[in-house]
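> Got a predicted structure plus its sequence, pasted below:
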Amino acid sequence: MHIVAVDQGTTSTRAIVFDERGAIVASGQREHEQIFPQAGWVEHDAAEIWTNTRAVIDVAVQNARLEASDVAAIGITNQRETAVVWDRLTGEPVYNAIVWQDTRTQALIDTLAADGGVRRFADITGLPLATYFSASKIAWILDNVDGARERAENGDLLFGTPDTWVLWNLTGGVDGGVHATDVTNASRTLLMDLRTLDWDDALLKAFGVPRAMLPTILSSSEVYGKAVGTSLDGIPIAGILGDQQAATFGQVAFERGESKNTYGTGNFLIVNTGEDIVDSENGLVTTVAYRLGDESPKYALEGSIAVTGSLVQWLRDNLGLIKDSADVEELALSVEDNGGVYIVPAFSGLFAPYWRPDARGAILGLTRFANKGHIARAALEAVAFQTREVLDAVIADTNVSLEELRVDGGMVGNDSLMQFQADVLGVPVVRPAIIETTALGAAYAAGLAVGVWADLDELRAMWHEDERWEPQIDDAERERRLARWRKAVTRTFDWVDED
């Protein structure tokens, strides 16, 4: 039997067919438009995302030469904090999806933080007050779309992160679509209590979000409903995990202390803390790692970095330094080092471990010697430096040193970046045989629910190492580079004024 995983990401939607060994059989992919109405605003067309989802499912199944009867289940993984609000009667979004990178709601966040600071709700949610999460995005839509708040309070509008939007449409939409999410996505809204795994009334009141528009919170691995309207009609949707939790699951980091780092639009380092909810004192967020059926949930610490892969896209699309994203490695290798150039990509402020919404991106250390090769190299090194800072925070919170870092995501095919990363960390970096671990994790969750795989041990046995990078610089050189990076980061602070 096969599992189809729908990976609804920040820049594209993919469907990947996996076999019982966890190997990729076929896939389909479509990019969607990135909409930037003004500085700091990032939107997607949710209707376009759903259209693309149906298309890539059909393409993947066709490419795999499968019938619906050959597929045991569908899993969903997704960009997590992006907010979609739609009319339950028409199925039409009332506004574009507001993307996790969007910073338009900073004024509301500042107002809420004035009473208790940015960690005002952290003991309940595990999250700092930040524009990153969904709650303030929902509030903005309700307050800025004519009639939206009244319609939401009447029960006519629904909210969901992209997993919920895809699930609702995939199970029938206006004709009986299932309005639900899983615990991992719900834990990224700033509205869920980590302990009760339910929406918190005090938080709903603080953000002005009616409970009637929220999805039911379910586990990460169970049958939610059956697909209609695609080539997989009648197949159960049985797994949902937010993308970073899905990648952690795909890396078989099931137990306390196990971790992974995903290199995508942003970077996300997750360390499993088991059944313990660990409050971070070093700028990390506490989140749900996964929950299987009726079992107790597993929790995690996460370091969220806003801009990594999207920095390479910026070099391509905004500066025109490269034609394709893959070209950045060759350009970076055209110079011996970064030439003293550092890039701090605080395009949406700085996320972990700083949480500085006032920061903005900067290129520092420029001289007449610097060229586009140095800028490309500095961009890749920025990814590695940001990951090092998050890893330092993890070690400080857990008192556990990392012996190696398992990596996945689109950027790990860049061997130079992986070597930079090992050098900056001072520990080996390990790439698995299957780097599409986000989709794989969603497939694993769905397959467990319908019995394709018996237990977690069976999944562990399928993980295999592909390549390993060892550090190649000494401690003194590593600390010299880190000191210069940290100096560069401080130069980005306090850029955005209140006016």
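Great, that's in hand.
> CA only for contacts and neighbour counts going forward, please
Noted.
> so where do the strands sit in the stretch 151-300 of the chain?
With DSSP state E, counting those that start in this stretch as the criterion, the stretch 151-300 of the chain has strands at 157-160, 180-182, 192-193, 198-199, 216-218, 221-226, 236-242, 259-263, 267-274, 285-290, 298-305.
> Can you tell me which of those strands is most buried?
Burial of these is given as mean neighbour count (mean count of other CA atoms under 10 Å); strand 236-242 ranks first at a mean of 31.
> which other residues reach that strand?
The contact list for strand 236-242, computed with CA atoms under 8 Å, 6 or more residues apart in numbering, reads 72-80, 163, 167, 181-182, 184-185, 219-227, 290, 441-447, 449-450.
> Quick one: mean pLDDT for it?
Mean per-residue pLDDT for strand 236-242: 97.
> now swap in stretch 323-343 and tell me
92.
> start to end distance for that stretch?
End-to-end distance for stretch 323-343: 20 Å, by CA to CA, to the nearest Å.
> and if you look at stretch 429-439?
Termini of stretch 429-439 sit 21 Å apart (CA to CA).
> now swap in stretch 340-351 and tell me
End-to-end for stretch 340-351, by CA to CA: 24 Å.
> Per-residue pLDDT of D499, please?
For D499, the model assigns a pLDDT of 55.
> and of the strands of the stretch 151-300 of the chain, who's closest to A39?
Smallest distance to A39 across the strands of the stretch 151-300 of the chain (CA to CA): 19.3 Å, for strand 298-305.
> starting at the chain centroid, how far to the closest one?
11 Å (CA atoms, centre = their mean, to the nearest Å).
> who's in contact with it?
266-278, 280, 283-291, 350-353, 386-387, 390-391, 394.
> sorry, back to before: reformat the strands of the stretch 151-300 of the chain as TSV; add distance to T125.
Formatted as TSV, those follow (distance: least, CA to CA, whole Å):
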stretch	distance to T125
strand 157-160	18
strand 180-182	15
strand 192-193	5
strand 198-199	10
strand 216-218	15
strand 221-226	22
strand 236-242	16
strand 259-263	21
strand 267-274	16
strand 285-290	8
strand 298-305	12
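> Compare the ones you listed and report which one is nearest to T171.
Closest approach to T171 among those (CA to CA): strand 221-226, 5.7 Å.
> what's that closest one packed up against?
Counting contacts by 3 or more CA pairs under 8 Å, 6 or more residues apart in numbering; DSSP states H and E, strand 221-226 packs against strand 236-242, helix 437-450.
> at 10 Å instead, please
strand 71-78, helix 162-170, strand 180-182, strand 236-242, helix 437-450 (3 or more CA pairs under 10 Å, 6 or more residues apart in numbering; DSSP states H and E).
> how far is the shortest one from where the chain is centred?
For strand 180-182, the separation from the chain centroid amounts to 16 Å (computed by CA atoms, centre = their mean).
> Kindly report the same for stretch 275-282.
In this view, stretch 275-282 has its centroid 20 Å away from the chain centroid, taken as CA atoms, centre = their mean.
> Might one say that R120 is in contact with L129?
Yes - in this structure, R120 is within contact of L129 by CA atoms under 10 Å, at 7.3 Å.
> more neighbours, those two?
Between R120 and L129, counted using other CA atoms under 10 Å, L129 has the larger neighbour count: 24 against 16.
> And that one, what's its pLDDT?
At L129, the pLDDT value in this model is 93.
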